[in-house]
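**Student:** Predicted structure and sequence below. I'll ask about it afterward.
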Amino acid sequence: MRISVICQVIILWALCIILFLFSSIRTVYIIGLAGTVFSFLFTWLLELRCRLLLLWQGAFLYIVGIEGIIHHEEILSRYGSSSIIAARYLVLTFLLSVSAYLIMYSVFGNRLKSFSSQKQMIKYKSSIITVAAVVLAYLFFLSYNIEGAYNAFFGGRKAAGRSFGGELSFIFHAASSAISMTLPALLSYLLKYLYRVKRYALYSFLISFPIFFVLFLLGTRLVLLFSVLGVLIVILAGRRIRPKTVIALLLIGILGLALADMMVKSRGTGLARYALGFEYFKSGEFLSTLYTREGVTGAVTMLVDYFENNQHLFGAQSAFAFIFWIPRSVWPSKPSMLGYWLIREVRSIRYGSSHSISFGFAGDAYADFGFFGGVLFALLFGCVLAILELKVVSSLSDSFTVLYAAVLYPFVFLSMRSLQTSLFSLIGSILFLLVVRKTMVFKPQNVKRERVAVDIH
């Protein structure tokens with residue numbers, strides 16, 4: 001392990017201790033911001049290719065950190081002094097996950113820097129079944145979501161919800177969610193690697209535009225952003241990124257954040273009324289494009305208050321990940337997710353049947369085993385992220401790996417808001433990719449035994 005990485009981990013752990021010296025939500029989140037900036041600068045100076053780590057840090061700032069810094073007084077007045085404990089817990093678990101990532105990446109990354117192996121380059125070729133599977137997935141997504149997109153555009157999120165129902169709605173919605181973040185990247189992959197279309201970048205966006213447009217009308221901002229990101233990952237894979245490309249990506253990112261902010265603010269009335277009234281420009285809150293108000297701090301505060309007087313779940317909440325796929329029509333008494341039942345038990349307000357809240361990536365661990373359970377889970381989660389990073393980096397012989405990376409990025413980012421929901425989407429996306437991969441014709445091609453250098457630094 002590098003000395004520089006050890007020093008970085010020590011500083012992050014020191015920040016974990018320091019944050020307990022302050023009783024201000026803003027100060028606690030500023031410490032989290034300082035740890036993020038410090039870690040980013042070290043990663044950049046050491047030229048570590050920790051792509052998932054950078055994404056994880058961005059997720060913390062966008063989903064949790066900036067909201068806590070700007071709206072700290074509102075959070076404190078609404079949720080009370082327990083919100084300070086919640087803020088400490090969120091920052092602590094985040095910093096610990098970053099430190100665990102760095103340790104795991106440094107230890108195992110050096111072992112993968114060079115090794116000898118028999119390499120096999122896998123060459124894929126699509127079949128008729130591949131084309132049929134992609135076309136059917138494309139048509140299913142559009143047919144399932146088009147009515148809801150129309151209603152959401154003119155009437156908001158509640159109007160869209162009335163379009164999705166029936167006994168099989170859970171299965172259809174899960175399939176639609178998996179396809180939405182996977183299919184555009186898959187289409188780009190087919191054009192680039194299998195059919196070798198010369199202007200694959202342009203055609204990738206043209207073919208995927210109907211999917212992007214439906215997601216835009218539905219108001220699912222983060223799904224839309226990562227659906228576009230998946231296409232960009234496939235397009236840029238193996239290419240040298242030039243300064244003009246970076247500038248173009250920054251402009252796309254700024255436009256995407258502005259659209260995402262507009263989609264959030266128009267959920268109540270519908271995008272059509274919101275845009276025609278120029279409400280986005282009237283509000284003047286352009287800073288809100290840099291973060292999202294998910295209310296994770298307030299949600300974790302509810303956890304702290306509830307389990308102060310109630311027994312922890314001792315693994316029952318985490319076990320929901322193994323039974324989520326069972327439709328309620330088959331198992332009527334199936335347990336509900338934490339974000340669904342807790343808010344109804346804590347508050348007397350009547351909520352819609354689909355309303356739930358998110359507790360961050362370590363919220364389920366707190367519900368199961370309390371504060372120390374969350375600490376241990378944060379360390380484990382950081383190690384898992386590093387292993388996923390190294391697994392993607394070391395899988396150089398299979399071009400299909402770029403699609404796994406394309407669905408891995410949204411999982412990591414959205415896990416900062418809700419780990420279980422992100423895990424459900426990831427499982428669906430991977431299953432869809434595995435099915436498509438099985439329809440392809442592929443043949444491993446042996447090459448000479450040689451020393452292969454995998455430079456991860």
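**Tutor:** On my side now, so go ahead.
**Student:** helix/strand/coil for Y124?
**Tutor:** Using DSSP: H, G, I helix; E, B strand; the rest coil, the secondary structure recorded for Y124 is strand.
**Student:** Which residues does it form beta bridges with?
**Tutor:** F442 (DSSP bridges).
**Student:** tally of neighbours for it?
**Tutor:** Look at Y124: counted by other CB atoms under 10 Å, it has 18 neighbours. (Each C-beta comes from the backbone N, C-alpha and C, glycine too.)
**Student:** okay, it: pLDDT?
**Tutor:** On pLDDT, Y124 comes in at 74.
**Student:** Give me the distance between it and R347.
**Tutor:** Separation of Y124 from R347 (CB to CB, to the nearest Å) stands at 52 Å.
**Student:** Could you do I323 as well?
**Tutor:** 26 Å.
**Student:** go on, L224?
**Tutor:** L224 is 31 Å from R347, where distance means CB to CB.
**Student:** again with G58
**Tutor:** Distance from G58 to R347, counting by CB to CB: 31 Å.
**Student:** Would you mind telling me which of those two has more residues around it?
**Tutor:** Using other CB under 10 Å as the criterion, G58 and R347 rank with G58 on top: 16 against 10.
**Student:** where are the low-confidence patches of the stretch 101-250 of the chain?
**Tutor:** Within the stretch 101-250 of the chain, the segments meeting pLDDT under 70 span 110-122, 153-171, 239-250.
**Student:** where along it do the helices fall?
**Tutor:** Shown for the stretch 101-250 of the chain, the helices assigned by DSSP state H, counting those that start in this stretch span residues 128-155, 157-161, 169-189, 200-218, 221-236, 243-265.
**Student:** Dump those helices to a markdown table, plus distance to A14 and mean neighbour count.
**Tutor:** Converted to a markdown table, the helices of the stretch 101-250 of the chain look like this (distance: least, CB to CB, whole Å; neighbours: other CB atoms under 10 Å):
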| stretch | distance to A14 | mean neighbour count |
| --- | --- | --- |
| helix 128-155 | 47 | 17 |
| helix 157-161 | 43 | 18 |
| helix 169-189 | 38 | 22 |
| helix 200-218 | 42 | 18 |
| helix 221-236 | 33 | 22 |
| helix 243-265 | 32 | 14 |
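**Student:** Tell me which of the ones you listed sits nearest to S358.
**Tutor:** Evaluated over the helices of the stretch 101-250 of the chain, closeness to S358 peaks at helix 221-236, with 11.7 Å, by CB to CB.
**Student:** Let me know the angle separating the closest one from helix 169-189.
**Tutor:** Orientation check (axes from the mean of the first three to the mean of the last three CA atoms, to 10 degrees): helix 221-236 against helix 169-189 gives 30 degrees.
**Student:** and helix 221-236, how far out from the chain's middle?
**Tutor:** Helix 221-236 sits 12 Å away from the centroid of its parent chain (CA atoms, centre = their mean, to the nearest Å).
**Student:** Dump the C-alpha coordinates for it into CSV.
**Tutor:** C-alpha atoms of helix 221-236 as CSV (Å, rounded to 0.1, in the frame of the first residue of the first chain):
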residue,chain,number,x,y,z
ARG,A,221,-34.6,12.6,-14.0
LEU,A,222,-31.8,10.4,-12.6
VAL,A,223,-32.9,7.4,-14.8
LEU,A,224,-32.8,9.7,-17.8
LEU,A,225,-29.4,11.1,-17.0
PHE,A,226,-27.8,7.6,-16.4
SER,A,227,-29.5,6.3,-19.5
VAL,A,228,-27.7,9.0,-21.5
LEU,A,229,-24.5,8.3,-19.6
GLY,A,230,-24.7,4.6,-20.5
VAL,A,231,-24.6,5.6,-24.2
LEU,A,232,-21.7,7.9,-23.6
ILE,A,233,-19.7,5.3,-21.7
VAL,A,234,-20.0,2.9,-24.7
ILE,A,235,-19.2,5.6,-27.2
LEU,A,236,-16.1,6.8,-25.3
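**Student:** Give me the angle between that helix and helix 200-218.
**Tutor:** Going by the same axes, to 10 degrees, helix 221-236 makes 180 degrees with helix 200-218.
**Student:** Would you list the phi and psi of R328?
**Tutor:** When read as degrees, to the nearest 10, the backbone of R328 gives phi -70, psi -20.
**Student:** S399 versus the closest residue to it other than its chain neighbours, what's the distance?
**Tutor:** The shortest distance from R328 to any non-neighbouring residue, by CB to CB, 6 or more residues apart in numbering, is to K334 (5.5 Å). In this view, K334 and S399 are 40 Å apart by CB to CB.
**Student:** Does anything pack onto the lengthiest helix in the chain? Which helices or strands?
**Tutor:** The longest helix of the chain (DSSP state H) is helix 363-394. If you count contacts as 3 or more CB pairs under 8 Å, 6 or more residues apart in numbering; DSSP states H and E, helix 363-394 packs onto helix 51-59, helix 82-111, helix 296-309, helix 338-346, helix 401-415, helix 419-438.
**Student:** Compare the mean pLDDT across these and name the weakest.
**Tutor:** helix 338-346 (a mean of 82).
**Student:** Next, the angle helix 296-309 makes with that one.
**Tutor:** Using the same axes, to 10 degrees: helix 338-346 against helix 296-309 is 60 degrees.
**Student:** quick check: domain ranges of this protein?
**Tutor:** Using automatic domain parsing, the domains assigned to the chain come out as 1-123+294-396+435-457, 128-284.
**Student:** could you redo these as CSV and give each row distance to I427?
**Tutor:** CSV is the format used below for those (distance: least, CB to CB, whole Å):
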stretch, distance to I427
domain 1-123+294-396+435-457, 8
domain 128-284, 8
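**Student:** so which of these gets nearest A406?
**Tutor:** Comparing the domains of the chain by CB to CB, domain 128-284 comes nearest, at 3.8 Å.
**Student:** Report the distance from stretch 226-241 to the chain centre.
**Tutor:** For stretch 226-241, the distance to the chain centre is 16 Å (CA atoms, centre = their mean).
**Student:** and what of stretch 53-72?
**Tutor:** Relative to its chain's centre, stretch 53-72 lies at 13 Å (CA atoms, centre = their mean).
**Student:** cool, stretch 50-60 as well?
**Tutor:** Here the centre of stretch 50-60 is set off from its chain's centre by 10 Å, with CA atoms, centre = their mean.
**Student:** what residues does that stretch touch?
**Tutor:** With CB atoms under 8 Å, 6 or more residues apart in numbering as the test, stretch 50-60 has contacts from 32, 36, 39-40, 43, 94, 97-98, 101-102, 105, 385-386, 388-389, 408-409, 412-417.
**Student:** of those, buried ones?
**Tutor:** Among those, those scoring as buried are 32, 36, 39, 43, 94, 97-98, 101-102, 105, 385-386, 388-389, 408-409, 412-417 (criterion: 16 or more other CB atoms under 10 Å).
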